[in-house]
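Undergrad: quick one, what's the 3D model for this:
(one chain, ligands or ions: 2)
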Amino acid sequence: MVGRPMSLASALQQHFGFSAFRPGQEEAVRAVTGSSPARDVLVVMPTGAGKSLCYQLPALVRDDLTLVVSPLVSLMQDQVESLEAIAPGRVALINSQRDSAANAAALRCAADGSLSALYVAPERFGSPGFLEAVRGRVGLFVVDEAHCVSQWGHDFRPDYFRLADAARYLGAQAIIASTATATPQVARDIERRLGLRDPVRVTTGFDRPNLDFVVVRCGTAAVKHRRIAAALAEPGATPAIVYAGTRKGVDRLAESLRAALGREVLAYHAGLGREPRAAAQRRFMSGDVDVVVATNAFGMGVDKADVRTVVHESVPGSLEAYYQEAGRAGRDGDPARALLFAEGRDKGLHVFFIQRSEVDDALVERVASTLMFRGMDGRYDVDARELASDSDDEERLRAVIGHLVQAGVIQPAPAPADRLRGRILTPFDGRARAACRTLVAEGTRARWRQYRAIWAYVEGDGCRRQAILTHFGDTLAPVAHGQCCDVCHPALLAAVPGPRGGANDGREPSGGDLDEAIMATVESASPGCGRTRVVEILRGGRSRRLLENSYDGLPAYGQFDHLTAAEVLGRVDGLITAGRLRSTGGSYPKLVAGAPSGRLAEASA
Ligand code: ADP
Ligand code: MG
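TA: Numbers count the residues shown, from 1 in each chain. Ligands and ions are numbered 1, 2, ... in the order given. Here you go, the predicted structure:
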C-alpha cells in the first residue's frame, strides 16, 4: 500500500520545501514508509520541534488514507489549511462544528480513495456510519496530542480511551502517537492505552538551549505587575506572550501594561468572541502589536517563531502545561526568556481548584443514573447542562464520563458540545462502581502529583533547566546557550527589577502552614494514619507502606522535608495538646480531627 519509491529527503523538499529533516523526524517517517510493514511509532518532542511532519509527510507519500485524530478543532483547521496549500484536494476534516453536508462530502472523498489525510475529532469514532465508510482504507492511524489519552496527563479527554479499539476495527496498519508532554509515566500510559505494539520510540531531547528560565517570587499582585512591565520594557524583550490565569486577570493585566508601557497591548481570551480573538491573533502574528496578554486558550496552533519572552503572571497547574506554554518562546533558535511570576497565594488557589475539581461518589451516581434512566433503549441523549451547571461542573462531568467509558459502562457518540450521546454497554453495577471509585482516586492523586511537581520547580533551589529535564525523564546533560536560569545566574533576576533590587521576595512556609498541612493530611489520608506516619508523609518518606497507600499523592506530601522529624512531630503533638487532633487509641492508634463539632474546631483554630 506504499507509494512509488522516492528518497524521503526529496519528498520532504518537494512537498514542504524543507532542505533537511529536524532531529527525530526522519526516523519516525521511515518507520511508516518504505517497503517493510509500517510500525507503530511514539513521537515525543517538545513543542515546535515539528511533530506534525512525522505523519504529514508519510500521509502524502503513502497511497492509502492517514486518519489524524486531533483534540481541538482550531488545531485541525490550521493543519488542514497548511496541508491544503501543499496538496490541494488531498486533505479534509470532519467535526461537529461544520455542517453535515460538508462532513458528508469529506467522508465521500475518504471513502472513494481521493484523500491522503483526514482529520477528525475523537468523538467521531462513536459514529457507525463513519467507521463503515473508512474501514479497510486506513493505513496510518495518528493520535496527535496523545497525552490526552492519559489520566496522568494534564489534559485528559475521555474520548481518547476508545481510539485503540477504533484503530484495530478500521484495520489500520500502524498507529503514530505524538505528544510534547510525556513524562516517562505518561509515555508508558500512552503506549498501554493505545495498545502500541513494540513501537519505534522517537524522542528528541526536551532541552531548549536558547531559552533562559527565571522564576520571580513576588509578595503581591501589584509588585508582580510592576515587575512584568519592567521586564517587557527591556530592549529585545518583545514580541512577548503574557499568560494570565483567568479572563479577568487578562483584562486587568493588559490594562496595567498598557499604562506602564505606554503602547498598545492585546488581550486574548475565550470570553471575547471569535472575531476579536482572531483579530488579536492576527495583529500579534503580523507584528503589528508586540505584546499579547492571554489565557491558555492562546497558543495551540499559534506558530510565531520570534517570540522573545513568555511571561506567566501566575503559576500554571502543572509543569507540563508550563513547559508547553513557555516553549512558545524562541522557536527560531535565537535567545529568548521564560519568566514565571509566583505569588504566595497561587499555591492556595491551586489547592482550592484541585479540591473543587474533585469528583465524589454522589456525582458519579447521579450521572450514571441519569444516563441509565434516559437510555432505557440502550442509547442515551441528554442535555449536558442538565448535569453540569457551570464550567467547573463541566470539567467534573467530563471526568465522570471518562470513568464510565473506562469502566466499560458507556460508549460516547459524536454530539454537539452541549449534548451527551452514546450507548450503554453494561448496567452501573457493583463492579462498575468499584472501578469508577478507583479511577476517581487515581485522578485525584495525579492532580496532587502535578501540584507537587510545579511547586517543586517554583520553590526548588537547583538549576531550573535540570529540574525540567529530570521531570520529563530527559537524561541528557542540560545545555544552555545563554545564562540558563536565575539559579545558575542570579543576575538574570536583575532584568526583572523589583522593590528589593531584583531579589526574590517570596517567603518561606511559616509554622501556621505546617499546622494546616498536618490537619489536612490527617483529614485526607485514607486509610487514616498515626503520628509517625503523618510526620513521614510531610517529610516525603518513601517507605513501602506509604507508597502502597498512595500517601505520596496527598497535597502536603514532602512539603516539609527541610524540617527534622522531631520538629514536625513537635507540631503534631502541639495540635494534640491544643485539642485540634486526638488519637483514637488502641493498638494501632490513628489521628483524627479533635474537636467534636465544627463550631468548636473554629474556636480552637
Ligand atoms: P509541534 O512539534 O509543536 O507539533 P509543528 O509540527 O507545528 O510542531 O512544527 C513547528 C514548525 O516547524 C512548523 O512551522 C513547521 O513547518 C516547521 N518545521 C517542521 N519540520 C521542519 C523541517 N524539517 N525544516 C524546517 N521547518 C520545519
Ligand atoms: Mg503539534
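
Undergrad: which residue ranges form the helices in the stretch 101-250 of the chain?
TA: 128-134, 163-170, 184-193, 221-233, 247-261 (DSSP state H, counting those that start in this stretch).

Undergrad: worst average pLDDT in the ones you listed?
TA: Among those, helix 184-193 carries the lowest mean pLDDT, at a mean of 88.

Undergrad: hmm, who's touching that one?
TA: 42, 44, 146-147, 149-153, 160-161, 164, 177, 179, 182, 196, 199, 201, 473 (Cβ atoms under 8 Å, 6 or more residues apart in numbering). Every C-beta, even on glycine, is put in place using the N, C-alpha and C of the backbone.

Undergrad: that one: which residues count as buried?
TA: By neighbour count on 16 or more other Cβ atoms under 10 Å, the buried set for helix 184-193 is 186-187, 189-191, 193.

Undergrad: of all those, which two lie farthest apart?
TA: Greatest spatial distance among these (Cβ to Cβ): 187 and 193, at 11.1 Å.

Undergrad: who's sitting farthest from the centroid in the protein?
TA: residue 586 (44.8 Å; Cα atoms, centre = their mean).

Undergrad: hang on, the earlier thing: ligand 1 next: which of the buried residues of helix 184-193 are close?
TA: The subset of the buried residues of helix 184-193 lying close to ligand 1, counting by Cβ under 6 Å from any ligand atom, is empty.

Undergrad: distance to residue 23 added to the helices of the stretch 101-250 of the chain, as CSV?
TA: Output for the helices of the stretch 101-250 of the chain, formatted as CSV (distance: least, Cβ to Cβ, whole Å):
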stretch, distance to residue 23
helix 128-134, 33
helix 163-170, 27
helix 184-193, 18
helix 221-233, 31
helix 247-261, 35
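
Undergrad: quick one: name the residues of the stretch 51-200 of the chain near ligand 1.
TA: 51-53, 180.

Undergrad: just the ones of those residues in helices?
TA: Here DSSP state H is the test, and these give residue 53 as lying in helices.

Undergrad: for the residues of the stretch 51-200 of the chain next to ligand 1, which entry has the maximal number of neighbours?
TA: Neighbour counts for those (other Cβ atoms under 10 Å) peak at residue 51, which has 26 neighbours.

Undergrad: give me the spatial nearest neighbour of it, chain neighbours excluded.
TA: Once flanking residues are discounted, residue 51 sits nearest to residue 178: 4.4 Å by Cβ to Cβ, 6 or more residues apart in numbering.

Undergrad: go on, residue 122?
TA: residue 159 (3.7 Å).

Undergrad: same thing with residue 170?
TA: Residue 170 sits nearest to residue 138 (Cβ to Cβ, 6+ apart), 4.6 Å away.

Undergrad: now that neighbour: how far from residue 167?
TA: 8 Å (Cβ to Cβ, to the nearest Å).

Undergrad: now do residue 472
TA: Taken as Cβ to Cβ, the span from residue 472 to residue 167 is 26 Å.

Undergrad: same question for residue 338.
TA: For residue 338 relative to residue 167 (Cβ to Cβ), the value is 36 Å.

Undergrad: just residue 101 next, same as before
TA: In terms of Cβ to Cβ, residue 101 sits 28 Å off from residue 167.

Undergrad: could you list the buried residues of stretch 265-280?
TA: Buried, per 16+ other Cβ under 10 Å, within stretch 265-280: 265-269, 272, 277, 280.

Undergrad: repeat that for stretch 110-127.
TA: For stretch 110-127, by 16+ other Cβ under 10 Å, it's 110-111, 115-127.

Undergrad: where does residue 353 land in three-state SS?
TA: Classification of residue 353 by DSSP: H, G, I helix; E, B strand; the rest coil places it in helix.

Undergrad: surely it meets residue 317?
TA: Yes. With contacts counted by Cβ atoms under 8 Å, residue 353 reaches residue 317, the gap being 7.2 Å.

Undergrad: same drill for these two, tell me which one is more crowded.
TA: residue 317 (19 against 16).

Undergrad: hang on, the more buried one packs against residue 350?
TA: Yes. Here residue 317 reaches residue 350: they are 6.4 Å apart, a contact under Cβ under 8 Å.

Undergrad: need the overlap of contacts for those two.
TA: Joint contacts of residue 317 and residue 350 (Cβ under 8 Å, 6+ apart) are 451, 454.

Undergrad: now the longest helix that the chain contains: buried residues?
TA: The single longest helix within the chain, with elements called by DSSP H, is helix 430-459. Buried residues in helix 430-459, defined by neighbour count with 16+ other Cβ under 10 Å: 432-433, 435-436, 439-440, 443-458.

Undergrad: just stretch 355-363 next, same as before
TA: For stretch 355-363, burial by neighbour count (16+ other Cβ under 10 Å) applies to 357, 359, 363.

Undergrad: just the pLDDT for the last one.
TA: Right, the one you point to is residue 363. On the pLDDT scale, residue 363 is placed at 90.

Undergrad: phi first, then psi, for it.
TA: Main-chain torsions, residue 363, degrees, to the nearest 10: phi -70, psi -40.

Undergrad: likewise for residue 66?
TA: Backbone geometry at residue 66, expressed as degrees, to the nearest 10, gives phi -100, psi 120.
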